[in-house]
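Q: Give the three-dimensional model of this entry:
(6 chains)
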Number of protein chains: 4
Amino acid sequence: MEKMPRRERERQEHVRHILEVAGDMFAKRGFFKVKMKEIAEQAEFALGTLYGLFKGKQNLYQQSIEQKVDELVTAVSGTMADETSPVLIVKGFVEAKLRFFFENLDFVRLYFAEMHGPPLYGERTLSIALEEKYRVLLERVSDALERGMSDGIFTKASPDVMATAIDGQTSAFVFSWLREVSPDSPEKEIEAAERIFLNGALVRPEGRAVSDGNQE
Amino acid sequence: MEKMPRRERERQEHVRHILEVAGDMFAKRGFFKVKMKEIAEQAEFALGTLYGLFKGKQNLYQQSIEQKVDELVTAVSGTMADETSPVLIVKGFVEAKLRFFFENLDFVRLYFAEMHGPPLYGERTLSIALEEKYRVLLERVSDALERGMSDGIFTKASPDVMATAIDGQTSAFVFSWLREVSPDSPEKEIEAAERIFLNGALVRPEGRAVSDGNQE
Amino acid sequence: MEKMPRRERERQEHVRHILEVAGDMFAKRGFFKVKMKEIAEQAEFALGTLYGLFKGKQNLYQQSIEQKVDELVTAVSGTMADETSPVLIVKGFVEAKLRFFFENLDFVRLYFAEMHGPPLYGERTLSIALEEKYRVLLERVSDALERGMSDGIFTKASPDVMATAIDGQTSAFVFSWLREVSPDSPEKEIEAAERIFLNGALVRPEGRAVSDGNQE
Amino acid sequence: MEKMPRRERERQEHVRHILEVAGDMFAKRGFFKVKMKEIAEQAEFALGTLYGLFKGKQNLYQQSIEQKVDELVTAVSGTMADETSPVLIVKGFVEAKLRFFFENLDFVRLYFAEMHGPPLYGERTLSIALEEKYRVLLERVSDALERGMSDGIFTKASPDVMATAIDGQTSAFVFSWLREVSPDSPEKEIEAAERIFLNGALVRPEGRAVSDGNQE
DNA sequence: TATGAATGAGAATTCATTCAT
DNA sequence: GATGAATGAATTCTCATTCAT
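A: A predicted model of the protein is given here:
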């Protein structure tokens, strides 16, 4: 009752560690530039050990991405689940997504390349799997938007299209970080993304005196 | 005085043709999955000929992307240049960008993977070059936004941040096309992108009665 | 005085069992296609256990063949030992050899490949060992033939050459079984091998009226 | 009209040369012990060249065997075709087969291992192909035997079984050469194989007075 | 003694690039 | 210039064997 769990625990730990190391390397240098031998060295295991733990390079790659996407989905879902008001759910999505990518900037390259780039191997299997995981988040945003629309908070429009828009907008801020040397906080972008999106989506825009017409 | 120009003209045509063919292949299958021999066959040239016209695979790849980005920049710049009003310039950007990517959907994968993905070769040279080309467009949008702000048309904010936001939003619609089997027109997305962005950016949102002030 | 023997008995049984299992696998799929791990699984032992019982893969392979060849030699020797007349000894050889291979058809491939094929490892050690074991049988046949020649039963010729001939002829019938889906009895071939060989070897061919008697 | 043939001629020559070299190596050391790099070195080509000319190691192996079997079949067929009398056809088979293998002793190991040994790769494709090629020869022998039987020259029996017997007997003499250091001529074995087989197959055995003729 | 995870040398194959024709 | 056969460095994956538990 102690032996089997030990072995299994170690195995899990090794897998997790290798996935971590490999994920970083793939993110920084891309699938084809990273050699299995390098991953083994970096992870301090023998080459053969990698093949005992993963089916092959492709499998290691996919798992390293899926693991991180699972983390992303968990983090963002968690934040959204804490809120009930439609506006706060949307804000929660923006905040959590931006914070997660800010903390995992290297992963950004991998994620977007895999989601929208040419398939690494013949099949688009991986990107489809990732889309499915991520779609859960967009659906929650979409639901919140729809609810907000019936409540008269958001302007009426296709909630899916609106979700796509806010998602793309936040991604754009993530990309902007890739261009900077070392962005030091995601706060400014979080604020901007929320403001720009909401002030268009809300029937009565936040913090803007719309009452009078003569603002000049 | 006739021979050399003919030769040169032919050469240019060959280069253009190969770039076209290679660009398509890279977009569909990714840099590493496409073999030089296949490009040669597809372009109906001998393998050696490719090496007479291009320095190597990497060079061919870069040129094929840069060529298309030049087309994109030309197309979008042209459309924006036709307009003078800030709002119309922004709308022009959205329309032209969406139309171009709609017509070159395969290229989308290549472009975004190269812009935001891990570097194919050690250096980020290519993505920097592409960013520079593309930045021109964003700067025009930014300028228009800034002008619109002083004119009291757009809410005051960092024009660069605003430009990033509209750019990301439009990209999101492009990505949504990648998921669809065969989107048949970009019109709906053009309209949505403009509406969502402008109704937040405009001091007096289009088609919305802002007159009343009693929202407390 | 009870414990050690039990241990030893178990060990012998394990060795025998593994040799049996491995022999079958090698016969069906060849030395290089069979993996040590598979043998371990099939034999229901851990991989490391195989290395406690055998020096390595090559050793396991050799032993598995030698074991079966010992069985062959024992079976055929036994049958021949029951007879005294030269003709019956030769018939005994043919019958016992054909029956043994009929019962161990898979082993046929292994045996002949190892006897006449390219050496699996650099050295021909194994095939030499097998030849030595098998030679015993051929010598008995040769002796019987020689005795039969002095007795005027067999035509005069080199008994070794004759032994080679009858041996090859029987092997040919064994090979013919390899081509059939599932031969159901070796009887026909036993009869044919004996008849064809003897009717040439005997001064007075069986079942043939050689009416005149004055050949003495 | 000169260029294409030159290239093609060279290619053929290269293929033939490599097949020759590889065949020898496979025969002496077996499929798995021979490395592609060694074949390349021995044949004085670059490793990659082998892969331009052959699909892979397996393909190279199969072709090297099939080429030699074709030679064997051609040689033996040719000899048999020169004869008309059943007895001479059978003798022709024995002589030509023994002479061919005597001249290609190394190939013997490869041929028999492949014909009767465990499959090198999962499938028995190659051995089936070889059997088909070789069967042609056995069928000619069988036909000759059948004709000889109706002519009253051979004892009545299944001609296929008889063909199997003579084939196996000759093979046995080939194997005996493998055991010798350097057999210097195949003559003795040719004579022995013919004598042993025919004196059993002939109604009136050679060199034996079967004086009476009235066996009806 | 039994176990099976870890090891790493070794091999097949690929493919960008060169260069003789 | 155009051609494509030849090159060989580079890389993935396999599997016999070891050894700590």
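
Q: Tell me how far the nearest residue to A:Ala192 once chain neighbours are set aside lies from B:Asp167.
A: Among residues not flanking A:Ala192 along the chain, B:Val161 sits closest, at 5.0 Å (C-beta to C-beta, 6 or more residues apart in numbering or on different chains). Backbone N, C-alpha and C define where each C-beta goes, glycine included. Computed as C-beta to C-beta, to the nearest Å, the B:Val161 to B:Asp167 distance reads 11 Å.

Q: can you give me the helices in chain A?
A: Using DSSP state H, the helices found in chain A span residues A:3-29, A:36-43, A:47-53, A:57-81, A:86-103, A:105-116, A:125-150, A:159-179, A:187-201.

Q: Next, see if the third one gets close to chain C.
A: No - in terms of C-beta under 8 Å from any C-beta of the partner chain, no part of helix A:47-53 sits within range of chain C; the closest distance is 11.2 Å.

Q: Show me chain A divided up by domain.
A: A:1-54, A:58-201 (automatic domain parsing).

Q: Pipe those domains into CSV and attach distance to DNA strand F, mean neighbour count and mean pLDDT per row.
A: Below are these laid out as CSV (distance: least, C-beta to the nearest atom of the strand, whole Å; neighbours: other C-beta atoms under 10 Å in any protein chain shown; pLDDT from 0 to 100):
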stretch, distance to DNA strand F, mean neighbour count, mean pLDDT
domain A:1-54, 3, 15, 90
domain A:58-201, 6, 19, 91
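
Q: Please tell me how far the residue nearest to the spatial centre of chain A sits from A:Arg29.
A: Closest to where the C-alpha atoms of chain A average out (C-alpha atoms, centre = their mean) is A:Leu72, at 4.8 Å. Separation of A:Leu72 from A:Arg29 (C-beta to C-beta): 21 Å.

Q: now A:Ile65
A: Distance of A:Ile65 to A:Arg29, given as C-beta to C-beta: 14 Å.

Q: returning to what we had before: among the helices of chain A, single out whichever gets nearest to B:Lys57.
A: helix A:3-29 (17.9 Å; C-beta to C-beta).

Q: hmm, the closest one in reach of DNA strand E?
A: Yes - for helix A:3-29 and DNA strand E, the contact criterion (C-beta under 7 Å from any atom of the strand) is met by A:7, A:10-11, A:14.

Q: How far away from the center of its chain is that helix?
A: Mean C-alpha position of helix A:3-29 versus that of the full chain (C-alpha atoms, centre = their mean, to the nearest Å) differs by 21 Å.

Q: Tell me which residue of chain A lies closest to chain C.
A: With C-beta to the nearest C-beta, the shortest gap between chain A and chain C falls at A:Gly52, namely 11.2 Å.

Q: Backbone dihedrals for A:Pro186, please?
A: Note on A:Pro186: backbone dihedrals following degrees, to the nearest 10 are phi -90, psi 0.

Q: dump the residue contacts of it.
A: Counting by C-beta atoms under 8 Å, 6 or more residues apart in numbering or on different chains, A:Pro186 makes contact with A:98-99, A:102, A:173, A:177.

Q: Repeat the analysis, applying 7 Å as the threshold.
A: Residues in contact with A:Pro186 (C-beta atoms under 7 Å, 6 or more residues apart in numbering or on different chains) are A:98-99, A:102.

Q: With the flanking residues excluded, which residue is spatially nearest to it?
A: A:Phe102 (4.0 Å).

Q: For the nearest residue to A:Gly78 once chain neighbours are set aside, give its distance to chain B.
A: Spatial nearest neighbour of A:Gly78, excluding adjacent residues (C-beta to C-beta, 6+ apart): A:Ala96 at 7.5 Å. Here A:Ala96 is placed at a distance of 17 Å from chain B (C-beta to the nearest C-beta, to the nearest Å).

Q: how about the helices of chain A, which one is nearest B:Val90?
A: helix A:187-201 (12.9 Å).

Q: any idea how far the closest residue to DNA strand E within chain A is from A:Met36?
A: Going by C-beta to the nearest atom of the strand, DNA strand E is nearest to A:Gly48 of chain A, at 1.6 Å. Using C-beta to C-beta, one gets 10 Å for the distance from A:Gly48 to A:Met36.

Q: swap in A:Thr170?
A: Going from A:Thr170 to A:Met36 by C-beta to C-beta gives 35 Å.

Q: just A:Tyr111 next, same as before
A: A:Tyr111 is 22 Å from A:Met36, by C-beta to C-beta.

Q: got a list of contacts for stretch A:112-125?
A: Against stretch A:112-125 from outside (C-beta under 7 Å, 6+ apart): A:31, A:58, A:65, A:126-127, A:130-131, B:27-30, B:109-110, B:112-113, B:116-118, B:175, B:178.
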